[in-house]
Each structure stands twice: as C-alpha cells, then as structure tokens.
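> Sequence and predicted structure are below.
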Amino acid sequence: MRAALSTLTTRGRAFLSAGVTCAVCAILLGQKDLLRVGVLLILLPVVTALIAHRSRYRLSCSREIVPTRVQAGQSAQVSLRLDNPGRVPTGLMLLEDQVPYVLGSRPRFVLDQLRPRWERTMSYVVRSEVRGRFAIGPLTVRLSDPFGFVELTRAFTSRAVLVVTPVVVDLTSFRLSGEWSGTGDNRPRAFAAAGTEDVTVREYRLGDDLRRIHWRSTARTDELMVRREEQPHQSRATIILDTRAGAHRGSGPASSFEYAVSACASVGAYLAGQGFVVRMLTDDVRAAEATWHDRGVSGPVEVQLLLESLAVINTSTRPTFSQTSPEHNAAGLLVAILGSCSPTDAASLSALRVGSTRALAILLDVGAWDRDDSRTDRPAAEQAAQLRAHGWNVVVAAPGDPLAHVWTDVCRPPTARLHTHEAAAQTGPAA
C-alpha cells in the first residue's frame with residue numbers, strides 16, 4: 001500500500017487530503033452526504049494507485065543510431081521504437097532519452113496511449129562539435145492515468161554509442177615521390193613469412209587461418225594476433241602525434257591540440273588511401289605496441305579504427321618524448337605533428353628516424369593559439385631550425401592555416417619549397 005501511494009501525483013494527494021478533510025467534517029457535523037463525498041474523494045486516488053501499481057506493463061524499447069560514427073560537426077539520427085507486447089494498454093506517457101549535454105538537449109516525447117501489440121517510432125537528431133565516444137540512453141518512461149492521479153516512472157537499461165571522430169580534411173592528391181616514400185632497397189618490405197621482427201600483425205578475426213597466429217604477439221597482448229598478409233614493397237608510414245599537455249595552448253575545439261588531432265586523422269586517412277600502411281605513435285605509446293592500419297584486406301575498417309582511437313585520445317602529463325622506445329625505429333615515411341618542441345625533444349625524436357626514408361614535421365606555433373598564456377615558448381622559427389638540424393623537413397602551422405595547404409607545403413622537398421618562396425618574394429614588390 002505504501003509503495004502504491006508513493007506514486008500519487010500532486011493532484012492525487014490533493015484529492016486524498018480533501019477526502020480525509022470532508023470525512024472528518026462529516027463525522028463532526030453528522031452530515032452523511034458530505035461523508036459520501038469524502039469517501040469518494042479518498043477512494044478515487046487510492047484505487048487508481050493500487051490498479052496502476054499492480055498493472056504489469058510489458059514495454060520494450062530499441063534504439064538505432066544512423067550513422068554510428070560521424071565527424072565533429074556532423075549530425076546523426078537516433079530512432080526509438082517503443083513496443084507494447086502485453087495485453088494492457090498504457091495511459092499518457094512522457095518519454096525522455098538520456099543524452100550527454102554536448103549532443104544537445106534531452107529529447108522529450110508525449111504519447112497519448114499505446115494499445116496492446118502496437119508500436120510507436122520516434123526520432124531526433126544529435127550533433128556534437130567535439131570529438132568523443134558518447135553513450136545515448138537509457139530511455140525513461142513516465143506513465144500517467146487518465147485522471148492524472150498517479151505517475152509511474154520506468155527506465156530501460158539499453159544504451160547505444162555514438163563515436164564522434166576528428167574532422168578529416170580532404171588533402172590534396174599530392175604524389176609523394178620516391179625520395180619521400182622510399183624506393184628500391186630503402187622501401188620497407190613485409191611478408192607473412194618474414195622474421196618475427198619484420199612481421200606485421202593484427203587482431204584475430206573469425207575465419208582467419210589458425211596457422212597464421214603470431215604467438216609472440218599473442219602472449220604480449222593477451223589477445224589472439226595473426227600475421228598480416230602483405231604484398232612486397234608495401235609502403236609504411238608512421239605518424240607521431242604530440243599529446244603532451246605542456247606542449248599545447250588554448251582550450252576546447254579551438255586549441256592547438258585539437259588542430260593536431262585533426263591533422264593526424266587527415267594525414268592518416270590520406271596516406272592509407274595512397275596505399276600506405278599507417279601506424280600512429282604518441283609520446284606515451286611505444287612503437288612496439290602500436291597497430292598498423294591500412295585499407296588492405298579489410299577495406300576501410302582499419303582506418304576507421306585509427307579514427308576511433310583519435311576520437312577518445314586525450315593529452316598526457318609526460319614532459320618529454322624520452323619514454324618512447326628508440327630501439328623500435330620507424331620504417332618508411334615518418335610524419336610528426338608537434339606542439340612546442342625543445343632541443344631535448346628534437347634529440348629524442350631523432351632516435352625514431354633511424355630506418356625511416358624521410359621525416360616530415362608539422363610544427364604548431366602554439367604561442368599563437370593563446371597569446372595570453374603566461375608560459376613562454378621559444379620562437380617557432382627557432383624550434384623549426386632545431387628540427388631541421390636533425391634531418392626533419394619542417395613546416396610551421398599557425399591558427400587558421402588550411403591543413404591542405406600545410407600538407408602540400410611539407411610534402412615538397414626543401415629545395416622546391418625554397419624556390420617557391422623566392423619566386424613569391426620576387427613577384428611581391430613588382431605587384
């Protein structure tokens with residue numbers, strides 16, 4: 001009885017209080033008609049509460065998100081289907097889906113009634129300007145009787161996940177020449193039957209040949225890993241993403257770190273589309289623990305896994321790159337997307353260049369992202385000169401610089417870029 005009465009609304013409690021008051025007054029005044037009115041006012045909410053409490057609503061809910069993976073700034077549609085497979089019709093229902101605040105306000109729907117063996121479908125749109133992995137749900141249902149005396153609250157347990165990846169910029173189809181991507185003996189080769197140091201592996205998928213299981217990698221990762229069947233002369237590319245919090249400036253989507261994450265996603269997708277096997281490293285991930293991603297046997301799935309990992313990546317507290325394993329060098333093309341870089345960082349990064357054909361670096365002028373920051377950074381030109389001394393081809397990027405232009409510039413050999421700048425300087429005064 002107590003549990004049933006706890007579902008009374010304000011109207012139901014008001015009727016119950018009025019009925020008790022009428023009954024007491026009727027007894028004191030000896031008015032039988034007033035007593036009948038009081039009993040009626042008491043019975044209406046009490047009986048309604050008991051019936052609603054004992055009713056077994058068999059509601060089921062399913063949720064679908066299309067698409068399940070979007071880029072920051074894009075929209076996704078969430079569809080809810082509510083079924084009533086039971087024999088008891090529902091009353092008025094208020095539906096509210098739990099949505100993270102970054103995806104917008106919580107959607108609410110009102111249904112007059114859901115008859116037995118009927119279903120209703122509702123949909124709404126979510127949109128996020130920030131990347132991340134967001135859980136949508138569960139759905140909360142509030143049921144009310146026709147008189148508004150009782151309100152029951154029920155919550156489903158099902159959830160759905162929406163992955164918001166960084167913005168991927170379409171980069172210019174700038175062909176990486178042989179001197180950048182590696183040719184002949186300098187081009188990395190990977191065979192399924194190669195030595196254990198040269199083999200590339202991936203997670204086991206249903207249907208893979210058990211003879212391809214790589215036991216050493218399986219023991220190290222505690223997951224079944226299989227050798228990847230690759231074609232000879234397959235180009236490799238390693239992308240280094242600087243995630244150190246102290247190396248970036250600004251906050252939110254307009255920070256230098258978000259620019260770097262978007263650049264990493266764009267470069268990774270572009271290189272995979274050009275036939276490269278792509279691997280991403282950060283300042284707190286060892287080269288041996290990174291995964292190669294490509295568009296080979298599994299199509300674009302591997303690239304999507306790279307984008308999903310970038311969707312949830314955060315800044316680290318490590319001060320330098322010193323904890324990156326230099327013994328596992330980066331073979332093939334090496335691309336670094338860096339924040340503020342000290343001479344010590346440049347020396348640490350140079351250890352990864354052993355075995356790489358060429359090294360490209362996009363150096364962010366982090367001071368331009370937040371000029372009010374009290375931290376002082378060395379001029380970006382000085383940092384770039386330090387990296388060039390270690391053999392890097394460097395381009396400095398500032399806020400607002402189109403990533404496509406930055407990528408085209410860094411892909412040019414240094415001599416070609418120097419000639420371009422000299423020609424621009426000569427035509428400038430004449431104009």
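Nice, I can see it.

> From here on, just use CA atoms for contacts and neighbour counts.
Fine.

> Low-confidence bits of the stretch 301-431 of the chain, can you list those?
301-302, 322-331, 354-357, 371-377, 414-431 (pLDDT under 70).

> how about the strands in it?
For the stretch 301-431 of the chain, the strands defined by DSSP state E, counting those that start in this stretch cover 332-338, 356-364, 393-397.

> Ok, the stretch 1-150 of the chain next?
Taking DSSP E, counting those that start in this stretch as the criterion, the stretch 1-150 of the chain carries its strands at 60-66, 69-71, 75-84, 92-97, 108-111, 118-127, 132-136, 139-144.

> Just want the angle from the last one to strand 60-66.
Same thing as strand 139-144. 140 degrees (axes from the mean of the first three to the mean of the last three Cα atoms, to 10 degrees).

> so which of the strands of the stretch 301-431 of the chain is the most packed in?
strand 332-338 (a mean of 25; mean count of other Cα atoms under 10 Å).

> So what are the sheet partners of it and their directions?
Here strand 332-338 is paired, per DSSP bridges, with strand 236-241 (parallel), strand 356-364 (parallel).

> Just want the phi and psi numbers for the nearest residue to Val88 once chain neighbours are set aside.
Excluding its sequence neighbours, the residue lying closest to Val88 (Cα to Cα, 6 or more residues apart in numbering) is Pro116, at 5.9 Å. Dihedral pair for Pro116: phi -60, psi 140, per degrees, to the nearest 10.

> Would you mind giving the strands paired with strand 332-338 as JSON lines with distance to Val130 added?
Formatted as JSON lines, these follow (distance: least, Cα to Cα, whole Å):
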{"stretch": "strand 236-241", "distance to Val130": "18"}
{"stretch": "strand 356-364", "distance to Val130": "20"}
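
> For Val102, which of the ones you listed is the nearest?
strand 236-241 (25.2 Å; Cα to Cα).

> ok now whatever helix or strand comes next after that closest one, how far from the chain's centre?
For strand 236-241, the following helix or strand on the C-terminal side (DSSP states H and E) is helix 256-273. Relative to its parent chain, helix 256-273 has a centroid offset of 14 Å by Cα atoms, centre = their mean, to the nearest Å.

> same deal with stretch 252-268?
The mean C-alpha position of stretch 252-268 is separated from the chain mean by 13 Å, Cα atoms, centre = their mean.

> Kindly reformat the strands of the stretch 301-431 of the chain as TSV containing distance to Phe321.
Formatted as TSV, the strands of the stretch 301-431 of the chain follow (distance: least, Cα to Cα, whole Å):
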stretch	distance to Phe321
strand 332-338	11
strand 356-364	15
strand 393-397	18
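
> Okay, helices next: where are they in the stretch 251-400 of the chain?
Using DSSP state H, counting those that start in this stretch, the helices of the stretch 251-400 of the chain run over 256-273, 301-311, 343-350, 380-389.

> So which of those is the most surrounded?
Ranked by mean neighbour count under mean count of other Cα under 10 Å, the helices of the stretch 251-400 of the chain are led by helix 256-273, which reaches a mean of 24.

> what's the spacing between the closest residue to Arg106 other than its chain neighbours and Thr157?
Of all residues not flanking Arg106 in the chain, Val99 sits nearest, at 5.6 Å (Cα to Cα, 6+ apart). The gap separating Val99 from Thr157 is 14 Å, by Cα to Cα, to the nearest Å.

> Look at these two and report which has more neighbours.
When Val99 is set against Thr157 and neighbours are counted by other Cα atoms under 10 Å, the residue ahead is Val99, at 18 against 9.

> Surely that one and Val125 touch.
No: counting by Cα atoms under 8 Å, Val125 is not a contact partner of Val99; they are 11.0 Å apart.

> about what we covered before: wait, the residue nearest to Val88 touches Leu59, no?
No: contact criterion Cα under 8 Å: Pro116 and Leu59 do not qualify, at 9.8 Å.

> and for those two, which residues touch both?
Counting by Cα atoms under 8 Å, 6 or more residues apart in numbering, the common neighbours of Pro116 and Leu59 are 84-86.

> Sort out which one of these lies nearest Val164 for me.
Asn84 (32.8 Å).

> Which residue, neighbours along the chain excluded, lies closest to the closest one?
Spatial nearest neighbour of Asn84, excluding adjacent residues (Cα to Cα, 6+ apart): Leu59 at 4.8 Å.

> Same check on Ala347?
His390 is the one closest to Ala347 (Cα to Cα, 6+ apart), at 7.4 Å.

> got it, and Gly38?
Using Cα to Cα, 6+ apart, the nearest residue to Gly38 is Gly19, at 4.0 Å.

> List the residues that contact the one you found.
Taking Cα under 8 Å, 6+ apart, we find Gly19 in contact with 37-42.

> Neighbour count, distance to Leu210 and pLDDT added to the residues you listed, as TSV?
Rendered in TSV, the data for the contacts of Gly19 read as follows (neighbours: other Cα atoms under 10 Å; distance: Cα to Cα, whole Å; pLDDT from 0 to 100):
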residue	neighbour count	distance to Leu210	pLDDT
Val37	17	80	92
Gly38	23	79	91
Val39	17	77	92
Leu40	17	75	92
Leu41	22	74	91
Ile42	23	73	90
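
> Could you dump these into TSV and include distance to Leu103?
Converted to TSV, the contacts of Gly19 look like this (distance: Cα to Cα, whole Å):
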residue	distance to Leu103
Val37	51
Gly38	50
Val39	50
Leu40	48
Leu41	45
Ile42	45
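
> Helices - which of those land there?
37-42 (DSSP state H).

> Tabulate the helices of the stretch 251-400 of the chain (CSV), appending distance to Leu171.
CSV is the format used below for those (distance: least, Cα to Cα, whole Å):
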stretch, distance to Leu171
helix 256-273, 7
helix 301-311, 16
helix 343-350, 25
helix 380-389, 23
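
> and Val78, which of these is closest to it?
Closest among these, using Cα to Cα: helix 301-311, at 19.7 Å.

> Not counting sequence-adjacent ones, nearest residue to Leu281?
Ile240 is the one closest to Leu281 (Cα to Cα, 6+ apart), at 4.7 Å.

> ok, what's across the strand from that neighbour?
Under the criterion used (DSSP bridges), Ile240 bridges to Leu281, Ala336.

> Repeat that for Ser75.
Residues in beta-bridge contact with Ser75 (DSSP bridges): Arg127.

> count of neighbours near it?
18.

> average model confidence for stretch 6-14?
Across stretch 6-14, pLDDT averages out at 84.

> Repeat that for stretch 153-166.
For stretch 153-166, the mean confidence score works out to 92.
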